[in-house]
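Undergrad: For reference, the sequence and a predicted model appear below.
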Amino acid sequence: MHNILLALGRSLRSLLRFDIFGHLIWPGIVSALLWIVVAVLSWAALVDNIMNRLGEMGWGLGDIISASAIVTGFVLIMVKIVVALAFVPLFYVTSAALVALVALPLMLDRVAQRDYTDLEQRHGGSNAGSIANTLLAILCFVLIILASLPLWLIPGVALIAPILAIGWLNQRIFGYDALMRHADRDELIRLRKEQYPSLLLLGGATTLLAYVPVLNIIAPALSGLAFVHFLLEALRCERGVNLPAPGGGAPSSPPRLPPPPTP
């Protein structure tokens, strides 16, 4: 937990840097504009389609829904809530893909130059590997969301299921990208396995920001930045690298003691 809080604190500190903040905000803005347009154009059709399908369901469910105006109104409200919540993971996954493929590599360079100059870059991953990893993660994410959709009408599931799915998506995408330049192939695989529970927790914690107005614009990029700090610090500990001396320069070494006096 301490390492997670440390990574989040360093990510918030990075927000104050202009060269980092620009890459934090643009993926969310592009994704938000895209899905707002889609939502406006498709809202009525989506709600009507879902209500019609619910009305055609067997086992008497359609009759129950249409039997009372109160029940129909309640179901309509629930459907609208579900449709609105369904756009949150769509927005997030689009923004996360932009972060992983474009923004995070640029942020990684700037963060590494300032905070992790002591770490040797061993290039265990690649841009092609990042693209393949991101696309596979998004495909799995979409399948998870589609499989859970029938459960979203159960109160609470529409909120919890996307959080769990996005938390998994975060660790899958950003875990690779954060290490691909500094870790070798073995470190890239091993560290992600060893830190898997912590990565899931970090991914879930940053996912909550996706449901906070305004902050949701930077949530995916801030999540990627937190993974960079968390995993590069874990890599530093793995290698036993000393911290740089104050003011930059070579890593500090313990002071030499004077030789003992000769008898």
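TA: On my side now, so go ahead.

Undergrad: Isn't Asn133 up against Leu179?
TA: No. With contact defined as CB atoms under 8 Å, Asn133 does not reach Leu179; the gap is 11.2 Å. C-beta here means a position set from N, CA and C on the backbone, and glycine is covered the same way.

Undergrad: For those two, indicate the residue with more neighbours.
TA: Leu179 (25 against 18; other CB atoms under 10 Å).

Undergrad: what residues are up against Ala132?
TA: Going by CB atoms under 8 Å, 6 or more residues apart in numbering, Ala132 touches no other residue.

Undergrad: same deal with the one 5 residues further on?
TA: Ala137 sits next to Leu169, Arg172, Ile173 when contact means CB under 8 Å, 6+ apart.

Undergrad: hey, where'd the helices end up in the stretch 101-250 of the chain?
TA: With DSSP state H, counting those that start in this stretch as the criterion, the stretch 101-250 of the chain has helices at 104-115, 127-148, 157-179, 185-194, 196-207, 219-239.

Undergrad: got CSV for those, with distance to Ile29 and mean pLDDT too?
TA: Formatted as CSV, the helices of the stretch 101-250 of the chain follow (distance: least, CB to CB, whole Å; pLDDT from 0 to 100):
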stretch, distance to Ile29, mean pLDDT
helix 104-115, 16, 88
helix 127-148, 20, 91
helix 157-179, 19, 89
helix 185-194, 30, 94
helix 196-207, 18, 90
helix 219-239, 11, 92
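
Undergrad: Tell me which of those sits nearest to Val37.
TA: Val37 lies closest, by CB to CB, to one member of the helices of the stretch 101-250 of the chain: helix 219-239, at 18.9 Å.

Undergrad: Distance from the chain centre to the closest one, please.
TA: 12 Å (CA atoms, centre = their mean, to the nearest Å).

Undergrad: What is that helix packed up against?
TA: Of the remaining helices and strands, those touching helix 219-239 by 3 or more CB pairs under 8 Å, 6 or more residues apart in numbering; DSSP states H and E are helix 2-14, helix 18-55, helix 69-98, helix 104-115, helix 157-179, helix 185-194, helix 196-207.

Undergrad: Figure out which of the ones you listed is closest to Leu225.
TA: Among the helices and strands packed on helix 219-239, the nearest to Leu225 by CB to CB is helix 2-14 (4.5 Å).

Undergrad: which one of the helices of the stretch 101-250 of the chain lies closest to Ser95?
TA: Across those, the minimum distance to Ser95, taken as CB to CB, is reached by helix 219-239, at 4.1 Å.

Undergrad: Just the buried positions in the closest one, please.
TA: By neighbour count on 16 or more other CB atoms under 10 Å, the buried set for helix 219-239 is 219-236.

Undergrad: Find the centremost residue of this structure, please.
TA: Taking CA atoms, centre = their mean, the centroid of the chain lies closest to Asn170, which sits 3.4 Å from it.

Undergrad: where in the stretch 1-150 of the chain is pLDDT low?
TA: Within the stretch 1-150 of the chain, the set of residues satisfying pLDDT under 70 comprises 57-67.
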